[in-house]
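**Student:** Output the structure for:
(chains A and B)
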Amino acid sequence: MKAKITFGIWEAIMMLLNTICVPLLLGFPRLMIETGGTAGWIIPIYITVLAVLFFTVIQRLYRNFEGKDIIDIAEIALGRIGRIVTGILLMLYIVFLVTITLREFTEDMKVIALINSPISFVMMFFIAAMVFGCYFGIEPLVRFSSVIVPIIALGFLFIVFGVAGNYDINHLFPILGNGPRAIFIDGFFLVSYFSPLVLLYLIAPFVRTHKIMKITGYTTILLSSIFFTLGTLCYLLVYPYPISIENFLPIYQLARVMEYGRFFQRIESVFVLIWAASAMSMLSIGFYFVVYIFRKTFELDYRRPMIWSFIIIIFTLSLFPPNLMTVLELDKMYYSKVTWIISLCYPILILLIARLRSRNPEKEAKTR
Amino acid sequence: MSVLSKVGKRILRTLIFHEPTLEKTYILEESEKQDVFGEGPKTDSKNKTDPGDNTNQGSKAGTADKTGQGKANNTDPGKKPGSVNETGEGNGRGSEKNREENDNSKQNEEGSPGKVRKILKPIPVGVDDLSKDGNDSGKNKGGQNGEDSKNKKETQNEDSQNEEDSQSEEESEISTDIKENLEYMKNAYSIPLSGDVVIREFDITIGEKNIEAFVIFIDGLIDSTVLNHFVLEPLMLLSNLDIKYVQKDIKTIILKQLLPYNQVKTVSFYKEVLENVNFGSCALFVDGLNVVFTADVKGWEHRGVERPNTELVIRGPQEGFNEVLRANTALIRKIVLNENLIVENLKVGRRSRTPCALLYIRDIANKTLVDEVRRRIKSLDIDSITDSGELEQFLEDNTFLPAPQILATERPDRVASMLEEGKVAIVMQGSPFVLVMPTTISTLVQSPEDTYMRFPGGNLFRIVRFLGIFVALLLPGLYVAITNYHQEMIPTDLVLAISAARERVPFPSVLEILIMEISFELIREAGIRIPGPIGPTLGIIGALILGQAAVAANIVSPILIIVVAVTGIGSFAIPNFSLALSLRIVRFAYIALGAVAGFLGITTGIFIQGIIYAKAKSFGVPFLTPFGPKTAGAAQDDFLNLPIWKREERPDYLNTGKRRKQDSISRKWIVREKGSDES
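**Tutor:** As a prediction, this is how the structure comes out:
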């Protein structure tokens, strides 16, 4: 009999935290400032409130489906077709997420450290990490996340506080930046940055109880919010608005201004270690769930034989965009604006239907 | 074809000899054949089962005997140690009634071919036999097989069959006829070919009767003085004295009145006799008795209890294990000092039957863990084993993981402390390294000194060790990565110094570092192999001269010598040799990754290594515990030490019987009565 996979709150939080916060190391602060102007740091707080609201609805609806993932619930709601549609939809979303992130990280890595290397060569290192991660499964991935993510978080904090000497409070004015409309209407769609929370609905069977799921969700949103806000705020404090929207890697730019005496002047390369570790962890987990969802949706027995097929697909897709600018445009147009529908609204819809379809889900769950 | 041929031959043999499994290895006497072939009755089964005098000789409590071959294998931790062993030494063979029956059966054996005992004799291996096929000699001597046995393939196929036969022979019961027993033992030990096996024949006088007897032992394994004074002398001299024999049967008289030695057992099977003699006991055969007395008189030469060679500490006990099983278990027991410490005797190896001891504290260790360790040891199907290093490899979960998953230590205090935590230990005869399991990454970076030293000092050592691990694993790779891809992070003055030093070096930095790393490994390996005190000296001088000469010849840069030397020193700071070795192996991968893709390559390496380690388990416990998965009490002493009074609980991941190891206020003296506080 196959051993049941379970993991604790800490592991689940660390895994989700890294998956959600990865954009912070890419273009998240810049996009916030583009949207909200000097009030860009308020948007993370605002979208956190929205994410909490969405999650509250979802977790309340989820109460009766303890131990089931969203695909199981889709089957309860809409039958076999529902399961397949939901599975494909989620899979496409994660494939998109992984593909975009993979390309962005690869391009940025090339620009920062490996200028002379071809893009496919740089990408191979991320691909190798994804293959290894997916091959060994979710258990080692979350375990390793629980070790590496605190180190990444410390590294991030080191950067944002390490540049404290360059803070200028005047960069935050005017306090409402581009105005309330920009913050609260345009900013609404940026709640998409919490869309990786959908992974929580997939790991529901692994975290066992609804209570753990609830704690994990709220804690992850809160911690992500702190990092998002801190990153954007510090970036804005260091760089004035006109310059801040020009940098394509905000946190890296922050690291570049760090200077401690004559000896420690250019330590941003250390940032590459943190950055790559975070990317590999996120991409591996994302890739694992692509394969996992496919296996679960189509009720296949094995996962590992599909790894090579999917990695070739993702590798190819990530090379489709002709340049980094196209990737950033895709990120801005679709990932940041649309994915909230799939990850936050669609689960609500599924859960509502499932709840309506099964008047007594607890009893049904037992009989199942 | 070979299968068909084999089947055909088997059928032929069965038709001719009725019993194809016995004719190859054993010589069957004419009278015996009939019994073996089912024509005569088997040995008097009544004797075997009749419970009578249930004395546990030598040690009435029935606790594990000194030789490690005791039968009080209380596999159930809940079973009281000292309960009557299941194999039942002296299970009634000494009763008067049985004695008479034995005598009768003996007479029957002599008189009636139809009622002979089943005696199987192993073929003595002579010099001539060694040059022949083993099966050949068996068949020729037995005269039962006319087939040509030159077919080597068939011989190989039949080996396993022979082994089964050999086992059944060893499990056969001891004869009451001393001549047969003598013949059996001579054959078994190939006497006189084996020069170190000694048989001493003599008579025991009991009352008016002279009874033939002999002892067999292996010279060099036993203590001659003990044998002479406590076994032979009483039997040969004291038995002649006018002793009032209150017992009537010979077995009881010998056991209770003539053998004053403290560790005597009675055994009923040849297999047990051979095991005991092989492990330094002497076996006493007495005519008319179908049991053998084995006295644990072992006294071979061995190393004393010395300082551990690989785990030296400044503060703490200075005793280390040696190669003697019982000395090692005693070293642990004298630290644990608790009756709940269980020492289970196990044997490993079909041929060697190497004694091992499974140690755990009954009311602390997780029963599932103990069962799992026992199951793995018992499941081993191997011929022989020499050292616990081999045993470790047979027991570990993942062979290809560079890091060890079982801790090997030569410090009794460390084993005792881990047993107190709820872990399980295996002591093996012949190995000064005791295995402790389960082992996690944090265990491997701990040293017993961390606890013995005061809290700040212990933590400083721990931090230095982490630094050592980082340096030993990553420094050469980082050097290559920085010099090739991330020059901008080197401060200007330093980068100038490095480039000036490297100006005349013709090799790329990766080749440069590989040359030096391989040279360093060569020096290290050669230093170990060179005998005596020259080794370390040569190592140091070799490294210095080689490094100096390499720099002078512009083959490597001076900064690289520093990098390699610091890496070497870092690996020596790691308290566990196996972990240090694993880092030495993986280091080369990091050099390659650093050379190929700088920090990105190194991060990829760290990620993949981390995933592999996160996947690994040691007896069901994830290797990265308590960090990934995070378990309760991780901060207690796994990363850094808390003050000793704050280390209140045993590791969560062990699921021990007793979680707390000390009270929340362990230093009761700090609790003062109300009003007595001066502040």
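
**Student:** so where does the closest residue to A:I159 other than its chain neighbours fall, helix or strand?
**Tutor:** Leaving aside its sequence neighbours, A:I159 sits nearest to A:A255 (C-beta to C-beta, 6 or more residues apart in numbering or on different chains; 5.0 Å). C-beta coordinates here come from the backbone N, C-alpha and C atoms, glycine included. Applying DSSP states H and E as the criterion places A:A255 in helix A:250-256.

**Student:** one step back: gap between the residue nearest to A:I159 and B:V286?
**Tutor:** 87 Å (C-beta to C-beta, to the nearest Å).

**Student:** In this structure A:F294 contacts A:I307, no?
**Tutor:** No: using C-beta atoms under 8 Å, A:F294 makes no contact with A:I307, being 10.7 Å away.

**Student:** now the closest residue to B:G477 other than its chain neighbours: how far from B:G605?
**Tutor:** Among residues not flanking B:G477 along the chain, B:Y590 sits closest, at 3.3 Å (C-beta to C-beta, 6+ apart). Noted for B:Y590: a distance of 5 Å to B:G605, by C-beta to C-beta.

**Student:** Find the residues that touch each one of those two.
**Tutor:** Contact criterion C-beta atoms under 8 Å, 6 or more residues apart in numbering or on different chains; residues bridging B:Y590 and B:G605 by contacting each: B:G477.

**Student:** What ranges in the stretch 1-150 of chain A fall below the confidence cut-off?
**Tutor:** Along the stretch 1-150 of chain A, segments meeting pLDDT under 70 span A:1-3.

**Student:** Around chain B, pick out the residues from it.
**Tutor:** A:7-8, A:10-11, A:109, A:113-114, A:117, A:122, A:125-126, A:128-129, A:132-133, A:136-137, A:139-148 (C-beta under 8 Å from any C-beta of the partner chain).

**Student:** neighbours around whichever residue of the stretch 301-450 of chain B sits closest to chain A, how many?
**Tutor:** Nearest residue of the stretch 301-450 of chain B to chain A: B:I441, at 9.8 Å (C-beta to the nearest C-beta). Other residues within reach of B:I441, judged by other C-beta atoms under 10 Å in any protein chain shown, total 22.

**Student:** Then B:D383?
**Tutor:** By the measure other C-beta under 10 Å, the count of residues near B:D383 is 9.

**Student:** ok, it to B:E390 distance?
**Tutor:** Taking C-beta to C-beta, one finds B:D383 at 11 Å from B:E390.

**Student:** Next: B:L538.
**Tutor:** Following C-beta to C-beta, the distance that separates B:L538 from B:E390 is 30 Å.

**Student:** just B:I608 next, same as before
**Tutor:** With distances taken as C-beta to C-beta, B:I608 is found 29 Å from B:E390.

**Student:** And for B:R454?
**Tutor:** Separation of B:R454 from B:E390 (C-beta to C-beta): 39 Å.

**Student:** does stretch A:219-239 come close to chain B?
**Tutor:** No: Stretch A:219-239 does not reach chain B (C-beta under 8 Å from any C-beta); its nearest approach is 13.9 Å.

**Student:** Looking only at that stretch, what residues are buried by neighbour count?
**Tutor:** A:219-221, A:223-239 (16 or more other C-beta atoms under 10 Å in any protein chain shown).

**Student:** roughly how far out does that stretch sit from the chain middle?
**Tutor:** 14 Å (C-alpha atoms, centre = their mean, to the nearest Å).

**Student:** Pull up the distance across stretch A:299-311, start to finish.
**Tutor:** Stretch A:299-311 has its terminal residues 20 Å apart, counting by C-alpha to C-alpha, to the nearest Å.

**Student:** lowest-pLDDT helix or strand in chain B?
**Tutor:** In chain B, no helix or strand scores lower on mean pLDDT, DSSP states H and E than strand B:26-27, which sits at a mean of 33.

**Student:** Contact partners for the residue positioned nearest the centre of chain B?
**Tutor:** In chain B, the C-alpha nearest the mean C-alpha coordinate belongs to B:M428, at 2.6 Å (C-alpha atoms, centre = their mean). By C-beta under 8 Å, 6+ apart, B:M428 lies in contact with B:325, B:348, B:354-357, B:385, B:387-388, B:391, B:434-435.
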